[in-house]
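K.L.:
give me a model of this one.
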Amino acid sequence: MKYAVFDENGFPKAFYDKAIHGDNIPAEAIEITEEQWQEFINNQGRRKWDFENKRVVEYTPPPPSFEEVKERANSLRKSKVSSLLSQTDYVLLKLQEAQIEGDTDRYNALLQQYSGVLAQRQAIRQWNDEIEQRIQNASTVEELEQIMEEIRGYDAP
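P.N.:
Below you'll find the predicted structure:
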């Protein structure tokens, strides 16, 4: 037997199973069928409980606000830039390592790579600044979604 605790809007907060929880099921828990439990599990965030009719009903969340999409775009941008810059950190670490160890040949070889890494990091930062400005200037959700697609597809030069 399954049980669920719902918030005031009918969204599940917790599930319980008599076989697992025994008598430790909250008094406010409502008994639900295995099928209803599966409906909630398989459609998280898209189902809620109808208290009046005691059944699971579909729920379509409202679309995110413009500000929420803008925040998501900025978060994606920051994550992408962090990932791209971390890929260049390897050469910088190896350069420092060679310098500390006094390995002149390795240091000189890495130093040649280093100038390329610096150029790559500069290009990433420039791309970041441009994307950040485009996000700031965007006026529609569609523009922001287009920018997010570009961010996902961007690969460092």
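
K.L.:
mind giving me the domain split of the protein?
P.N.:
Using automatic domain parsing, the domain ranges for the chain come out as 2-58, 66-153.

K.L.:
quick one: mean pLDDT over the longest one.
P.N.:
Looking back up the chat, that one is domain 66-153. Averaged across domain 66-153, the pLDDT comes to 91.

K.L.:
ends of it, how far apart?
P.N.:
22 Å (C-alpha to C-alpha, to the nearest Å).

K.L.:
picking up where we left off before, in a markdown table, list the domains of the chain along with mean neighbour count.
P.N.:
For every residue, glycine as well, the C-beta is placed using N, CA and C. Below are these laid out as a markdown table (neighbours: other C-beta atoms under 10 Å):
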| stretch | mean neighbour count |
| --- | --- |
| domain 2-58 | 13 |
| domain 66-153 | 14 |
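
K.L.:
please enumerate the strands of the chain.
P.N.:
2-6, 12-17, 30-32, 47-50, 55-58 (DSSP state E).

K.L.:
doesn't residue 14 make contact with residue 37?
P.N.:
No: if you go by C-beta atoms under 8 Å, residue 37 and residue 14 don't touch, sitting 11.7 Å apart.

K.L.:
overlap of the contact sets of the two?
P.N.:
residue 4 (C-beta atoms under 8 Å, 6 or more residues apart in numbering).

K.L.:
this protein: helices as residue ranges?
P.N.:
Ranges of helices in the chain, per DSSP state H, are 18-21, 34-42, 66-101, 104-137, 141-153.

K.L.:
could those helices be laid out in CSV, adding distance to residue 58?
P.N.:
Formatted as CSV, those follow (distance: least, C-beta to C-beta, whole Å):
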stretch, distance to residue 58
helix 18-21, 27
helix 34-42, 9
helix 66-101, 22
helix 104-137, 33
helix 141-153, 23
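
K.L.:
in JSON lines: the strands of the chain, plus distance to residue 117 and mean pLDDT.
P.N.:
JSON lines is the format used below for the strands of the chain (distance: least, C-beta to C-beta, whole Å; pLDDT from 0 to 100):
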{"stretch": "strand 2-6", "distance to residue 117": "54", "mean pLDDT": "97"}
{"stretch": "strand 12-17", "distance to residue 117": "49", "mean pLDDT": "97"}
{"stretch": "strand 30-32", "distance to residue 117": "57", "mean pLDDT": "97"}
{"stretch": "strand 47-50", "distance to residue 117": "50", "mean pLDDT": "98"}
{"stretch": "strand 55-58", "distance to residue 117": "52", "mean pLDDT": "97"}
